[in-house]
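Colleague: show me the folded form of this:
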Amino acid sequence: MENCSLNDCLLTHTSSDYKKDIWAFGDSYFDYLPARLKEIGYNNALFDAYSGRNSSAALESLKKMIGKVGTPKMIYWALGMNDGDSDSSVNVSWSNVLNELKSICEKYSVELVLATIPNVSKVNNRFKNEIVRNSGYRYVDNNRCVGA
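Modeller: You can find the predicted model right below:
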């Protein structure tokens, strides 16, 4: 069918990844991570990420999936580069998203694993990294890994 007009259409999508135990959310730092993990034999996660993404957009994506298409055992949350902190405090949007994410994980009995975010010359992430380090949650120290 070419050049047709459609009404009352519904587009649906499914993926076997919805059934995976680990759901990982990120931004441009995930551009290479999934491919590299598959290359070394790890393919046990749903990866939900794109460049330029902020924490609010990732939370909306999670809320569309969790409890509807599946529920993971663990969520790895590696967002914040596009939610830079000010010179004096944490990014309020990022902080609000983290609080809502914690509630969602509690509701669905999902383990939450956080990530520190690298500090770069144009983006300060010091305050959010302190929150992550002091949260009591397990975390991946990406800031330290890249020597930022």
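Colleague: can we go C-alpha only for contacts and neighbour counts from here?
Modeller: Fine.
Colleague: tell me what the most centrally placed residue in the chain is bridged to.
Modeller: Centroid-nearest residue in the chain: residue 25, 2.3 Å away (criterion: CA atoms, centre = their mean). Residue 25 has these beta-bridge partners by DSSP bridges: residue 48, residue 77.
Colleague: what pLDDT does it get?
Modeller: The model reports residue 25 with a pLDDT of 97.
Colleague: go on, residue 44?
Modeller: At residue 44, the model reports a pLDDT of 89.
Colleague: sorry, back to before: wait, what's in contact with the residue nearest to the centre of the chain?
Modeller: Applying CA atoms under 8 Å, 6 or more residues apart in numbering to residue 25 gives the contacts 47, 48, 49, 58, 75, 76, 77, 78, 79.
Colleague: I'd like the distance between the spatially closest residue to residue 47 that is not a sequence neighbour and residue 54.
Modeller: For residue 47, ignoring the flanking residues on the chain, the nearest one in space by CA to CA, 6 or more residues apart in numbering is residue 24 at 4.9 Å. The gap separating residue 24 from residue 54 is 14 Å, by CA to CA, to the nearest Å.
Colleague: chain center to the worst-scoring helix or strand of the chain on mean pLDDT: distance?
Modeller: In the chain, no helix or strand scores lower on mean pLDDT, DSSP states H and E than helix 33-39, which sits at a mean of 85. Relative to its parent chain, helix 33-39 has a centroid offset of 16 Å by CA atoms, centre = their mean, to the nearest Å.
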